[in-house]
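Chemist: Quick check, what structure comes out for this input:
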Amino acid sequence: MTRATPPAVPEVGDELFSTECHLGRAELIAYAAASGDHNPIHWSDRIAAEVGLPGVLAHGMLTMGQAASAVTDWAGDPARVVEIGARFAAPVVVPDPEGVRLVVSGSAKAVEGGRVTVALTVTTPGAGPKPVLGRATAVVDLEETTR
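Modeler: Just a heads-up that it's a prediction; the model follows:
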């Protein structure tokens with residue numbers, strides 16, 4: 001298997017990437033099928049309203065997965081991502097039919113040898129500046145590996 005060439009080792013504070021994705025109801029339903037999480041707050045406006053939510057919500061792990069995909073795209077190889085974590089800070093409301101735009105950006109928080117700690121920011125621009133993931137970081141090993 002040929003591995004992608006890793007990006008250059010950045011300096012602390014460098015902006016590494018910024019990417020956007022669209023989440024609509026079709027993506028929520030596909031994720032529910034893949035994950036087995038069929039909670040109706042992820043597809044039914046009526047149920048979401050009945051339980052006091054502002055609308056249908058994206059699955060937290062779907063949001064986290066979008067952040068992880070952005071990191072692996074930047075790293076060039078998923079095997080280079082050795083750690084990723086976050087806390088769910090705000091819900092991602094997915095209106096129908098327009099859906100929502102999710103923006104994921106990363107900057108170098110720490111660099112030690114070939115390991116980069118990436119500070120992640122994940123937002124939905126229409127919902128204000130508050131990130132939807134808090135304390136979101138990933139550790140990426142940019143040194144050549146034989147994994």
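Chemist: So which residues of the protein form strands?
Modeler: 15-23, 81-88, 100-112, 115-123, 133-141 (DSSP state E).
Chemist: can you tell me which of the ones you listed comes nearest to residue 35?
Modeler: Residue 35 sits nearest to strand 15-23 of all the strands of the chain, at 14.2 Å, using Cβ to Cβ. Yep, even glycine has a C-beta here, placed from its N, CA and C like the rest.
Chemist: follow-up on the earlier one: out of the strands of the chain, flag the one nearest residue 62.
Modeler: That would be, of the strands of the chain and by Cβ to Cβ, strand 15-23, which comes in at 7.2 Å.
Chemist: could you dump the strands of the chain to TSV with mean neighbour count and distance to residue 38?
Modeler: Compiled in TSV, the strands of the chain are given as follows (neighbours: other Cβ atoms under 10 Å; distance: least, Cβ to Cβ, whole Å):
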stretch	mean neighbour count	distance to residue 38
strand 15-23	15	17
strand 81-88	14	19
strand 100-112	18	20
strand 115-123	21	24
strand 133-141	20	23
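Chemist: Present these as CSV; the columns should include mean pLDDT.
Modeler: CSV is the format used below for the strands of the chain (pLDDT from 0 to 100):
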stretch, mean pLDDT
strand 15-23, 96
strand 81-88, 97
strand 100-112, 97
strand 115-123, 97
strand 133-141, 97
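Chemist: Dump these to CSV, plus distance to residue 65.
Modeler: Listed next are the strands of the chain as CSV, based on distance: least, Cβ to Cβ, whole Å:
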stretch, distance to residue 65
strand 15-23, 10
strand 81-88, 10
strand 100-112, 11
strand 115-123, 11
strand 133-141, 11
